[in-house]
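Chemist: quick one, structure for this:
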Amino acid sequence: MHNIKLTLAYDGTDFHGWQIQRGQPTVQGALTDVVRKLTGEKLTLHGAGRTDAGVHAAGQVAHFKTHSELTPAEFERAFNALLPPAIRVLAAEEVGPEFHARWQAQAKTYHYRIYRGRIVPPFDWRYVLHYPYPLDLPAMAAAAGEFEGEHDFTSFAASSGSEDDDRERATSRVIYRSAVEVADDGHVITYAVRGRSFLRYMVRKIVGTLLEVGRGKLSPADIPRLFEMRDRSRSGPTVPPQGLCLVSVEYPDPAASLARSVGPAGPR
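Modeler: Numbers count the residues shown, from 1 in each chain. The predicted structure follows:
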């Protein structure tokens, strides 16, 4: 049995998100259709995270286990020959049997891009939120820093659709980095966030809240209060999906793990 890790990029515009859904085009569905044709096996392809409809990825990670003797390079070429052009396999490699794209992910980085110019270039409109109005950028930067650390993100997540599930789900998350970055020409604001895991719509709700700060409707000092309120109706709106991109997923270093297990006295 071989365990194949894929690093993926996709334009999410024409897909109903990552996860397979009956009757809907999805990224996982397209990949699964191809890998089953290539292997002749009814296997399952696992992703690091479930991006929503319209959300993009530059560094999504997935894996599947197969008896096929195709090499990783052959899988990479075959995937890119058979997949729609909006999905590309950037790299394929064989990894150890214990690797799992979702459960072993240590951190994910997302970027959300806001275009501030008067006219959005036609090459960018699928990948940005257009907001050509005045914003208080220093206030937004200060507010972004308030999201770092461990917090209860109930106020910054979508409902699951079930009150019982909402009460029972874990809503505490750790954010390692949260920052507002401005391009040299001032036309593009990027919200960059890195964390262990994220609740549904969490990044988009944070961006909506930062825009409320930029408009002067909220202040950086309001962010701790919003955490305490645990009321999603009091934070900013959920911004559209097209500005959001999963940039990268991080995993433990296999070499470091091996060194820890072997140690100076040999295998333990």
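Chemist: for the closest residue to Ser172 other than its chain neighbours, give me its contacts.
Modeler: Leaving out its chain neighbours, the residue that sits closest to Ser172 by Cβ to Cβ, 6 or more residues apart in numbering is Asp152, at 5.3 Å. For the C-beta atoms, the positions are set from N, CA and C on the backbone; glycine is no exception. With contact set as Cβ atoms under 8 Å, 6 or more residues apart in numbering, Asp152 has these partners: 171-172, 227, 230.
Chemist: so where do the strands sit in the stretch 101-250 of the chain?
Modeler: Applying DSSP state E, counting those that start in this stretch to the stretch 101-250 of the chain gives strands spanning 107-115, 129-130, 149-152, 172-182, 188-195, 244-250.
Chemist: which strands border the fifth one, and is each parallel or antiparallel?
Modeler: Using DSSP bridges, strand 188-195 pairs in its sheet with strand 107-115 (antiparallel), strand 172-182 (antiparallel).
Chemist: ok, the residue nearest to Ser172 to Tyr191 distance?
Modeler: In this structure, Asp152 and Tyr191 are separated by 20 Å, where distance is defined by Cβ to Cβ, to the nearest Å.
Chemist: can you give me the pLDDT of Gly263?
Modeler: At Gly263 the predicted local distance difference test score is 50.
Chemist: take the contacts of Asp152 and keep only those in helices.
Modeler: Among these, the subset assigned to helices under DSSP state H consists of Phe227.
Chemist: of the contacts of Asp152, closest to Ala107?
Modeler: If you rank these by distance to Ala107 using Cβ to Cβ, Ser172 comes first, at 16.0 Å.
Chemist: what's around Leu13, how many residues?
Modeler: If you look again at residue 13, you'll see it is Thr, not Leu. The burial count assigned to Thr13 is 14, neighbours taken as other Cβ atoms under 10 Å.
Chemist: can I assume it sits in a helix?
Modeler: Yes - under DSSP: H, G, I helix; E, B strand; the rest coil, Thr13 falls within a helix.
Chemist: correct me, but Val180 touches Phe147?
Modeler: No - with contacts defined as Cβ atoms under 8 Å, Val180 does not count as touching Phe147, sitting 10.7 Å away.
Chemist: ends of stretch 46-61, what's the gap?
Modeler: Its first and final residues considered, stretch 46-61 spans 9 Å by Cα to Cα, to the nearest Å.
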